[in-house]
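J.: Structure for the following, please:
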Amino acid sequence: MRQVVTFVTVTLSTTVTTYNGSTDIPSDHCTYQVVATINDAIYAGMTTGTLIIQPSPMATAGLQASPLDGSVPLTVTFTNTSQGFGYTFLEIFDSKDRTFNDPETMQVTYDVPGTYEALLTIIGQGGTNQTRTTIVVHGRPALNQVIASPDESPVGETQTLDLSGLDPAT
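T.: This next block holds a predicted model:
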């Protein structure tokens, strides 16, 4: 035997929630007075509370580099030690001017003597923060003394050479 079943949907309650008098859900940091009004067959009433949306904390950029100086070719390991939530990128200002997105740990090799800068930037809801570090790459010293050829020096005479040099990175 076949039976007919009928479903009836009855709305038993309505709930209206307001934030500082508006039904729009807030997203800005602020303190909101929340009012929930309930109206159904067995209860009618309201309750209130406070919603506090605090601003996101400022992210703090952190960058460790090791070693900070050395001779060519110099391989430097960069480690992102930033605190907080955000998008990070590392800019290496060298002969290639490179940018790396969301770096954790990475290595860069410097092949040309000089003083270079690395800049790590973190951008989050709390704002932007940066940190810089300087890398010094030393080259082979340039000799300050011109060495005389053997035929310009009398036989048996002692020649003293000044092998001090200038570091092209300084």
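
J.: can you pull the pLDDT of residue 163?
T.: With respect to pLDDT, residue 163 scores 59.

J.: need the contact list for residue 28.
T.: For residue 28, the set of contacting residues under the criterion of C-beta atoms under 8 Å, 6 or more residues apart in numbering consists of residue 53. C-beta coordinates here come from the backbone N, C-alpha and C atoms, glycine included.

J.: Which helix or which strand is home to it?
T.: Following DSSP states H and E, there is no helix or strand that holds residue 28.

J.: Use 57 as the first number for this chain going forward.
T.: Shifting the count to begin at 57 puts that one at residue 84.

J.: Any figure for the gap between it and residue 156?
T.: 33 Å (C-beta to C-beta, to the nearest Å).

J.: And for residue 83?
T.: With the distance defined as C-beta to C-beta, residue 83 ends up 32 Å from residue 156.

J.: For the two, indicate the residue with more neighbours.
T.: residue 156 (17 against 7; other C-beta atoms under 10 Å).

J.: State whether that one is indeed within a helix.
T.: No: the assignment for residue 156 is strand, going by DSSP: H, G, I helix; E, B strand; the rest coil, so no helix is present there.

J.: In contact with it, which residues are there?
T.: So, once contact is read as C-beta under 8 Å, 6+ apart, residue 156 ends up touching 145, 146, 147, 148, 162.

J.: Can you spell out which residues form a bridge with the residue nearest to residue 103 when sequence neighbours are not counted?
T.: Here the nearest residue to residue 103 in space, its sequence neighbours aside, is residue 92; by C-beta to C-beta, 6 or more residues apart in numbering that works out to 5.3 Å. Using DSSP bridges, the bridge partners assigned to residue 92 are residue 73, residue 103.
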